[in-house]
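Engineer: sequence below, structure please.
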Amino acid sequence: MFISNSNKTKTYYLYFTNPLTDKPTSRSCRTKLKSEATRFLKNFRIENSNSPKVDKSNLKLSDVKERILSHYKMNNALKTYRSVKSTYENLSRIIGDKAISIIGKSDIEDFKRIRSKEVSLISTNVDIRNIKAMFNKMLEFELLQYKKVTLVKQFKIEKKKMLAIDSNDINKILNSKIDIQLKQIIRFTLLTASRISEVLSVRIKDIDFDNEVINIHQRKTNSFKTIPLTAGILDLVNEIMNNEVESNIYTIQDKESYLFPNPVRNNPCLKMRGYSKQTV
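Structural biologist: As a prediction, the model looks like this:
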């Protein structure tokens with residue numbers, strides 16, 4: 001354990017071995033003065049001298065919960081974090097706050113059996129995938145020496161026949177008396193084979209006219225997919241951007257604007273006036 005200020009900011013840092021992971025760790029002393037950093041080191045030693053050594057073989061689910069969930073919160077989409085958090089809490093509830101080193105296949109099979117009575121098989125399979133991923137992280141963080149849940153299998157679910165909409169149904173929708181923007185959203189969704197959430201998140205800056213592509217953000221994987229700017233899509237984009245409807249005027253001028261603007265979500269003035277989602 002030592003202090004050093006060998007960095008660009010000349011701020012002192014305390015370097016020590018983390019007893020939980022046995023890995024080198026640093027903590028800022030929040031000062032550039034050696035005297036204050038030395039005091040920080042002395043207090044830190046006193047603080048930790050009274051702390052018992054952590055026995056990793058006895059680490060329980062509750063002991064590593066914050067470490068695992070904070071990793072997902074920082075590195076994954078919010079939806080993934082919430083899913084993992086829910087799985088972690090349900091695992092602890094069903095099998096108990098066991099030491100992670102003794103959790104094995106039989107525990108997870110018990111979890112599967114009980115959890116499948118509470119939610120659908122599809123949701124239970126999501127839990128199983130989350131559990132395997134969480135134990136992989138425990139292994140990666142050296143909280144475990146080996147894991148015993150890899151042999152747990154998901155439920156087999158019979159694939160349902162894929163529903164499809166034929167051209168006649170599409171023409172009926174597009175020729176009906178629905179809102180013009182809604183028709184444009186439907187056309188854009190069909191032409192790009194995208195989810196509705198992806199379509200509504202497209203901004204003007206995502207349309208690359210020079211390279212003739214559209215970059216669409218995929219929330220599920222937190223990545224972008226690139227779609228060729230075909231003649232059909234280009235005609236639709238030009239139709240939208242040349243529309244003189246008031247709600248679309250600012251999209252031409254501002255590349256940060258959405259291709260399909262929502263009068264509440266995309267207009268701060270309306271938000272300040274207290275408009276709710278129900279008014280859209």
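
Engineer: for the stretch 101-250 of the chain, what spans make up the strands?
Structural biologist: In the stretch 101-250 of the chain, the segments counted as strands under DSSP state E, counting those that start in this stretch are 207-208, 213-218, 223-228.

Engineer: winner for burial among those strands?
Structural biologist: Greatest average neighbour count among the strands of the stretch 101-250 of the chain goes to strand 213-218 (a mean of 18), per mean count of other C-beta atoms under 10 Å. To be clear about C-beta, it is placed using only N, CA and C from the backbone, and glycine gets the same treatment.

Engineer: give me the angle between that one and strand 223-228.
Structural biologist: Orientation of strand 213-218 against strand 223-228 (axes from the mean of the first three to the mean of the last three C-alpha atoms, to 10 degrees) gives an angle of 150 degrees.

Engineer: partner strands of strand 213-218, parallel or antiparallel?
Structural biologist: With DSSP bridges as the test, strand 213-218 is paired with strand 207-208 (antiparallel), strand 223-228 (antiparallel).

Engineer: any idea how far it is from the chain center?
Structural biologist: 18 Å (C-alpha atoms, centre = their mean, to the nearest Å).

Engineer: with stretch 4-24 instead?
Structural biologist: The chain centre lies 30 Å from the centre of stretch 4-24; the measure is C-alpha atoms, centre = their mean.

Engineer: picking up where we left off before, can you put the strands paired with strand 213-218 in TSV and add distance to Ser101?
Structural biologist: Formatted as TSV, the strands paired with strand 213-218 follow (distance: least, C-beta to C-beta, whole Å):
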stretch	distance to Ser101
strand 207-208	51
strand 223-228	35
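
Engineer: so which of the ones you listed is nearest Leu236?
Structural biologist: Nearest to Leu236, of all the strands paired with strand 213-218, is strand 207-208, at 11.0 Å by C-beta to C-beta.

Engineer: residues in contact with that closest one?
Structural biologist: 214-215, 229, 237, 259 (C-beta atoms under 8 Å, 6 or more residues apart in numbering).

Engineer: how about 7 Å then?
Structural biologist: Strand 207-208 has contacts (C-beta atoms under 7 Å, 6 or more residues apart in numbering) with 214-215, 237.

Engineer: what does stretch 166-178 give?
Structural biologist: Contacts for stretch 166-178 (C-beta under 7 Å, 6+ apart): 183, 186-187, 190.

Engineer: check stretch 191-203 too.
Structural biologist: 185, 188-189, 214, 216-219, 227, 232-233, 236, 255-260.

Engineer: likewise for stretch 31-40?
Structural biologist: The set of residues external to stretch 31-40 that reach it, using C-beta under 7 Å, 6+ apart, is 3, 5, 10-12, 14, 29.

Engineer: among those, the buried ones, what's the PyMOL command?
Structural biologist: Burial among the contacts of stretch 31-40 is assessed by 16 or more other C-beta atoms under 10 Å; the matching PyMOL selection reads:
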select buried, resi 3+12+14+29
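
Engineer: burial check on Ser120, number of neighbours?
Structural biologist: Using other C-beta atoms under 10 Å, the number of residues around Ser120 comes to 11.

Engineer: could you pull out the helices for the stretch 101-250 of the chain?
Structural biologist: 105-118, 121-140, 167-174, 180-192, 196-200, 231-241, 249-253 (DSSP state H, counting those that start in this stretch).

Engineer: out of those helices, which gets nearest to Phe155?
Structural biologist: That would be helix 121-140 among the helices of the stretch 101-250 of the chain, by C-beta to C-beta, at 4.4 Å.

Engineer: which other helices and strands does the closest one contact?
Structural biologist: Helices and strands touching helix 121-140, by 3 or more C-beta pairs under 7 Å, 6 or more residues apart in numbering; DSSP states H and E, are helix 61-75, helix 78-95, helix 105-118.

Engineer: thinking again about what came up before, out of the contacts of stretch 191-203, which end up buried?
Structural biologist: 185, 188, 214, 216-217, 227, 233, 236, 257-260.

Engineer: reformat the residues you listed as a markdown table; add distance to Leu33.
Structural biologist: Formatted as a markdown table, those follow (distance: C-beta to C-beta, whole Å):
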| residue | distance to Leu33 |
| --- | --- |
| Ile185 | 60 |
| Phe188 | 60 |
| Ile214 | 54 |
| Ile216 | 52 |
| His217 | 46 |
| Ile227 | 56 |
| Ile233 | 61 |
| Leu236 | 63 |
| Ser257 | 50 |
| Tyr258 | 50 |
| Leu259 | 54 |
| Phe260 | 56 |
